[in-house]
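Novice: structure here, sequence nowhere to be found:
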Ligand SMILES: NC(=O)C1=CN([C@@H]2O[C@H](COP(=O)(O)OP(=O)(O)OC[C@H]3O[C@@H](n4cnc5c(N)ncnc54)[C@H](OP(=O)(O)O)[C@@H]3O)[C@@H](O)[C@H]2O)C=CC1
Ligand SMILES: O=C1OC[C@@H](O)[C@H](O)[C@H]1O
């Protein structure tokens with residue numbers, strides 16, 4: 001007889017866009033993605049603005065049972081019924097919010113970019129280790145079956161020795177008057193919220209370079225040397241164009257990771273693929289081309305060296321939908337399922353198995369990626385305010401909201 005799935009109880013910290021998408025995903029029936037060993041329960045949510053907002057959020061996501069609605073993050077992290085906190089605030093807040101949760105003895109899944117800088121990431125890792133708690137950066141793309149298959153193909157030599165990877169994630173938001181398509185206060189361009197292309201979108205370009213050229217190396221892995229350039233948005237000083245060359249000299253490979261909020265990787269209608277691949281993984285025996293958006297890819301192709309026109313392997317990995325949970329319009333009408341459930345399944349399995357970190361995105365790898373972003377910012381002259389750069393934990397920080 002099959003054993004009961006391991007159930008994990010989530011507390012959702014913040015009620016914005018991604019908090020809603022993630023929470024709906026973990027409320028889908030795991031069997032719709034053929035998962036039978038873990039399940040997710042949403043027991044509470046908190047908003048820094050009010051308990052009423054948290055209540056509204058829980059209603060919007062149709063959380064079953066009687067989940068609790070809190071008007072402060074502190075109340076949430078102190079709820080004894082919560083096992084793990086999902087941190088869904090802007091990047092500026094991740095360090096203080098994740099520390100708040102770890103200090104309260106909770107496991108943490110923290111949205112990308114993990115922190116503002118590597119020093120903050122190191123402090124979180126030390127705290128998780130000392131307190132014997134699970135901690136993971138929520139780079140959901142890594143847990144897609146598509147990503148797993150591509151990493152397996154690389155490791156098994158399916159495209160020979162990989163020497164070069166190009167990766168881009170860019171959203172064209174340029175307006176006639178020179179402004180970008182967000183108000184200056186928006187988290188995408190506001191330095192107080194660690195805004196800019198690098199930490200929001202560039203992390204995905206780096207994810208593809210890292211999961212192919214770094215993660216697939218045998219251990220100990222070679223960290224890259226970095227050459228980078230940044231153009232800033234004149235209105236706020238946030239980075240609007242960032243390009244990074246990652247040199248793995250001993251490993252004989254290079255990655256080129258780019259991000260931009262003036263022009264798009266795919267200017268055409270979403271998912272049409274007219275623009276061609278957004279990631280190219282180039283090996284001595286062939287190339288893997290991944291079609292965007294690269295944070296949520298569903299399609300790639302393999303072109304072997306010398307392939308004829310019709311001799312291309314096309315691979316599709318559609319995202320499973322829970323048809324019992326149809327939404328109101330558009331994609332949601334087909335049922336819920338965005339692809340964020342796989343990272344949640346990983347968190348649940350790690351906690352079930354007593355693991356403090358995920359092999360798929362280890363603490364060490366998250367820190368090397370943060371160091372790469374630090375070096376990029378240093379070369380491009382990009383700093384954020386001290387309140388969000390500090391690696392000193394302050395439970396009373398305004399970033400942790402009210403008591
Ligand atoms: N994995 C993915 O695909 C995605 C990840 N993200 C990541 O998730 C994080 C949040 O992004 P997103 O949900 O789009 O952002 P939103 O602005 O939609 O939501 C952020 C939430 O954080 C809380 N918050 C607390 N303080 C502030 C503040 N000073 N300004 C703004 N919000 C504040 C608010 O919730 P409350 O009032 O309830 O406290 C707010 O609703 C970012 O780090 C981003 O990188 C974003 C989009 C996609
Ligand atoms: O993580 C993300 O992926 C999707 C984007 O729309 C969003 O800005 C970013 O935060």
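Specialist: Done, it's in. As the structure is a computational prediction, the values presented were derived from the model and not from experiment. Ligands and ions are numbered 1, 2, ... in the order given.

Novice: count of residues packed around the residue of the chain found nearest ligand 1?
Specialist: Nearest residue of the chain to ligand 1, counting by C-beta to the nearest ligand atom: residue 16, 1.8 Å away. All C-beta atoms are positioned from the backbone trio N, CA, C, and that covers glycine. Residues lying near residue 16 (other C-beta atoms under 10 Å) number 14.

Novice: now do residue 399
Specialist: Using other C-beta under 10 Å, residue 399 has 21 neighbouring residues.

Novice: distance-wise, check the closest residue in space to it that isn't next to it in sequence relative to residue 387.
Specialist: Using C-beta to C-beta, 6 or more residues apart in numbering and skipping residues adjacent in sequence, the residue nearest residue 399 is residue 96, 4.2 Å away. Using C-beta to C-beta, to the nearest Å, one gets 9 Å for the distance from residue 96 to residue 387.

Novice: was I right to think residue 237 contacts residue 191?
Specialist: Yes. With contact defined as C-beta atoms under 8 Å, residue 237 counts as touching residue 191 (5.6 Å).

Novice: counting neighbours, go ahead and name the busier of the two.
Specialist: Counted by other C-beta under 10 Å, residue 237 and residue 191 do not tie: residue 191 has more neighbours, with 20 against 17.

Novice: who does residue 10 form a beta bridge with?
Specialist: residue 42, residue 84 (DSSP bridges).

Novice: is it correct that residue 384 is in contact with residue 194?
Specialist: Yes. The criterion here is C-beta under 8 Å, and residue 384 meets it with residue 194 at 5.5 Å.

Novice: any shared contact partners between the two?
Specialist: Counting by C-beta atoms under 8 Å, 6 or more residues apart in numbering, the contacts common to residue 384 and residue 194 are 92, 116.

Novice: looking at those two, which is more packed in?
Specialist: Comparing residue 384 with residue 194 by other C-beta under 10 Å, the one with more neighbours is residue 194, at 25 against 21.

Novice: so what's the more buried one up against?
Specialist: Counting by C-beta under 8 Å, 6+ apart, residue 194 touches 90, 91, 92, 113, 116, 187, 384, 388.

Novice: run a quick neighbour tally on the fifth one.
Specialist: Here the neighbour count serves as a burial measure; for residue 116 (other C-beta under 10 Å) it reads 26.

Novice: which SS class is it?
Specialist: Of the three states, residue 116 takes coil according to DSSP: H, G, I helix; E, B strand; the rest coil.

Novice: same check, this time on the last one
Specialist: Taking three-state DSSP as the rule, one finds residue 388 in the helix state.

Novice: can you name every helix or strand that the longest helix along the chain contacts?
Specialist: Ranked by residue count under DSSP state H, the longest helix found in the chain is helix 363-380. Helices and strands touching helix 363-380, by 3 or more C-beta pairs under 8 Å, 6 or more residues apart in numbering; DSSP states H and E, are helix 118-131, helix 203-209, strand 225-232, strand 239-248.

Novice: that helix versus strand 225-232: what angle between them?
Specialist: Counting by axes from the mean of the first three to the mean of the last three C-alpha atoms, to 10 degrees, helix 363-380 points 50 degrees away from the direction of strand 225-232.

Novice: other residues contacting helix 363-380?
Specialist: Contacts of helix 363-380 with the rest of the structure, by C-beta under 8 Å, 6+ apart, involve 113-115, 117-118, 120-122, 125, 128, 135, 137, 198-199, 202-203, 206-207, 210, 214-215, 223-224, 226-230, 232, 239, 242, 244, 246, 357, 382-383.

Novice: for the stretch 151-300 of the chain, just list every one of the helices.
Specialist: Under the criterion DSSP state H, counting those that start in this stretch, helices of the stretch 151-300 of the chain are mapped to 197, 203-209.

Novice: residue 54 contacts residue 60, doesn't it?
Specialist: No. Counting by C-beta under 8 Å, residue 54 does not reach residue 60; the two are 10.7 Å apart.

Novice: so which of those two has more stuff around it?
Specialist: residue 54 (26 against 12).

Novice: tell me, how many residues neighbour residue 157?
Specialist: Residue 157 has 12 nearby residues by other C-beta under 10 Å.

Novice: could you measure from it over to residue 49?
Specialist: Relative to residue 49, residue 157 is positioned 53 Å away (C-beta to C-beta).

Novice: so, low pLDDT: which residues of this structure?
Specialist: Residues of the chain that meet the criterion pLDDT under 70 lie in 1, 271, 273, 403.

Novice: at 80 instead, please
Specialist: 1-2, 269-273, 326-332, 402-403 (pLDDT under 80).

Novice: among the contacts of residue 194, which ones are in strands?
Specialist: In strands, judged by DSSP state E, none of the contacts of residue 194 are found.

Novice: just name the closest of the residues you listed to residue 282, please.
Specialist: Residue 282 has its nearest neighbour among the contacts of residue 194 in residue 113, at 26.5 Å by C-beta to C-beta.

Novice: surely that closest one and residue 196 touch.
Specialist: No. With contacts counted by C-beta under 8 Å, residue 113 stays clear of residue 196, the gap being 10.3 Å.
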